[in-house]
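No sequence on hand, only this structure:
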């Protein structure tokens, strides 16, 4: 039962990129690949050999493994409705964010290890963007912690709706921000266009130019994990605790599907930001989360009644 | 621990001058080990058993007995000092080898003697409470570290920096002394820490606290009192930089903590004051660090950042005490105190690695380096370990202390009222920003120094350093991992120290329970990574693994040595955002529009520390020019001086006539 949320998230992660691809194809008037096509590509990559650059060292080879391990550990914190994740403790979201950060650290230095100017550029942008997005996550979690007086993912979700119907306001801010943070963390539109063909304008794609075979396969897997990870954080805002388990699972899957569909739709209709505007755009997320924090303060300190 | 044994070690230290040059290090190191064993054993007893406070009569000063007092706070700092000073001492063996021929025996003796005495005086600083004796050992610490900093005295720049350091340390001394004098004059109580209890019990504490904060803060390197630090660290030899950043600046923190043990009123204001100063130090420290190209200067700015993190812990701890939020108080102090140990471990490790690179490549300029992990794999991996832990990432030690502070902040939301919630918000946003900027900085410095390919000839002839320079890194590295994986083993004994500041240490029990889970999480992380690595190894055996050049995106002429990213370009988009806060000046000749065949060009960037520039250099510059102008009166002619005396007497006469005096 404890592992339910984790298993569901992993299951969703396998088809998540497929759903995005289909959505983009259909909205673009194409037939598109099957939903399992990205997964099949990954399986093919697992069978392939690797080529390493002479410039690289052990860091380059270890980076993808540690990156994926960090995301897998972060997955263990994902609660499901009223059930807690495999790991759950006071302040676990600090560990969650930090363990994701160590993965990112390794991925960045892995890219720098190739000695390629392009990959350096991508690594540098990734470092800057993830530095800028971090406060948004913490302020958001802080505002939910302020509202619920709890600091673990499980307790936060379990107690969110108990105090006041006004906490739905925070839930909406939370859903919105987790969605956008997921886009930044996964380097998707409007921050970065994974379908672009010009290395100069890439962020994440250009960082993994030199990875091949097994490393590439697990990096692709990791991308799905990361999407489903944030999708699960979003879905947990929506799961109604009084429903039966079947209904809860349905809501979870529906939320994940809508998230994937939303990303596909966004990528079909929106152009990417100008590169120089990205920092501003990301800082806006922190500003929004600050509004969430102030809202939480207003609710908890009963400003409305005074 | 008894007075005789320490006195004997002090006496034996003179042997260093008598033995031949090749044995000087050995004598000094053996004495260091003895000293560490004697004081460390007592410190462990104080921290781990119910011995209570150790009290050893040491010597008589003006007829008054001076005691060595070891309470948990002293014991904790004694352990931290001993560890870093001994690893530093060991590291010196390999690091000083290239200097053996260049330096004469007296210089070497003086260096080893000073290193040993620095160790002794730091230990005494932590154990002496009597005012005059404290100031004497504090002064000894300043002088010995000054001698250590100017080891490469043949460079003019080093002497200049050393004197700057010495002067600033004396400014600090004046402030501390004024604090003692002020307190004892007001109350008539004893001159020294013991007298402070009487003073703070009666008077509002802030004015006296400010004197001590400035005095100890100069040593600790809080901004804007930091201006000696980014110069002294790069100028000193690596083992001295390691000890300096690891423990000497912590003596400032010790002083502030010791003063705080006597203050029980007005804590909210003092706490917010500490928090604001610490946030400024933390944020600006790391922000300036990113644009540095001298690896040791960069690390020096990170010391300021980490002093800021320690200060944030102490600041929120004080706020917790003042607002009666026991959990915030306990976790703030515990986090700040643990970070003292953590920073001493990873910062000395990073300085040892930087020193090894410096020794092998003869440059500290990171733009000249690159690809060193291939020639110096051990040093490279230890630098990576230090970098990960300084960024506060699990499963390493930096994460644990930051986790304690974060837990205190988040768990105390809504317990103190609106304004406290805002203060907590400010504190955790500050911590997050510091963490993010540190990751940005250390991905840069590690990549530029150790990854890719060498940018000049300098790194190509480097070799791995000798074992005596590796073992200290192993020791620090092991403790870094130990604190990260088994935090409870360290946080547990620390609660005795925390208990000196807060009454209710049990308020952090939720977080101590969480720490056990943190260590499970860390172990799982390591386990999953290891498992994936094993799977990868099996997969790699089954398939073809080839090697080739880095993919140049279709351009086959790409050469990593020329085209790879540089530190300047890595920092460029960051500089574009924070612009005015960090001054970076670019110097280059721009391309002309009609220039078809460009000639070779140079591109230079210069950074300066705005705080140092506006708060220190500029006022000093103005003062100097004014003084120079005033020098027209100093003509050297006797007639003029007699005229001045006459004018002075006339002035006094007139003032008396008109009854002004």
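The structure has been received and is ready for your questions. Everything numeric here is computed off the predicted structure, so don't read it as measured data. Residues are numbered from 1 along each chain as shown, chains lettered A, B, ... in the order given.

Residue nearest the middle of chain A, spatially speaking?
By C-alpha atoms, centre = their mean, the mean C-alpha position of chain A lies nearest to residue A:182, the distance being 3.5 Å.

burial of residue 148, as a residue count?
Picked chain A for this. 23 (other C-beta atoms under 10 Å in any protein chain shown). No exception for glycine: its C-beta is placed from N, CA and C like everyone else's.

my question was about chain B
26.

How much space separates the residue lying closest to it once chain neighbours are set aside from residue B:477?
Using C-beta to C-beta, 6 or more residues apart in numbering or on different chains and skipping the chain neighbours, the partner closest in space to residue B:148 is residue B:240 (4.4 Å). Residue B:240 is 20 Å from residue B:477, where distance means C-beta to C-beta, to the nearest Å.

same thing with residue B:226?
Taken as C-beta to C-beta, the span from residue B:226 to residue B:477 is 28 Å.

Counting neighbours, go ahead and name the busier of those two.
Ranked by neighbour count (other C-beta under 10 Å), residue B:226 and residue B:477 place residue B:226 first, with 27 against 21.

Can you list the neighbours in contact with the strand or helix carrying residue A:290?
Taking DSSP states H and E as the criterion, residue A:290 maps to helix A:278-300. By C-beta atoms under 8 Å, 6 or more residues apart in numbering or on different chains, the surrounding residues in contact with helix A:278-300 are A:125, A:128-129, A:132-133, A:135-137, A:139-140, A:142-144, A:146-147, A:164, A:166-167, A:169-170, A:173-174, A:176-177, A:180-181, A:184, A:190-191, A:273, A:303-304, B:414, B:418, B:421-422, B:425, B:573, B:577.

List the buried residues in that helix.
Neighbour-count burial for helix A:278-300 flags A:278-279, A:281-282, A:285-286, A:288-290, A:292-293, A:295-297, A:299-300 (criterion: 16 or more other C-beta atoms under 10 Å in any protein chain shown).

Compute the number of surrounding residues for residue A:251.
Residue A:251 has 17 nearby residues by other C-beta under 10 Å.

and it, helix, strand or coil?
In three-state terms, and counting by DSSP: H, G, I helix; E, B strand; the rest coil, residue A:251 is helix.

so how far is residue B:650 from the residue nearest to residue B:148?
56 Å.

what's across from residue B:605 in the sheet?
Taking DSSP bridges as the rule, residue B:605 bridges to residue B:586.

give the contact list for it.
By C-beta under 8 Å, 6+ apart, residue B:605 lies in contact with B:291, B:293, B:568, B:584-587.

ChimeraX command to pick out the buried ones of those?
Of those, the buried ones go into a single ChimeraX selection, burial set by 16+ other C-beta under 10 Å:
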select /B:291,293,568,584
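
ok, which stretches of the chain are strands?
As the question left the chain open, I've gone with chain A. A:50-53 (DSSP state E).

try chain B instead
Using DSSP E, strands in chain B cover B:54-61, B:64-70, B:545-548, B:583-588, B:603-608.

Which of those strands has the highest mean neighbour count?
strand B:64-70 (a mean of 19; mean count of other C-beta atoms under 10 Å in any protein chain shown).

Centre of the chain to that one, how far?
Relative to the centre of its chain, strand B:64-70 is centred 28 Å away, using C-alpha atoms, centre = their mean, to the nearest Å.
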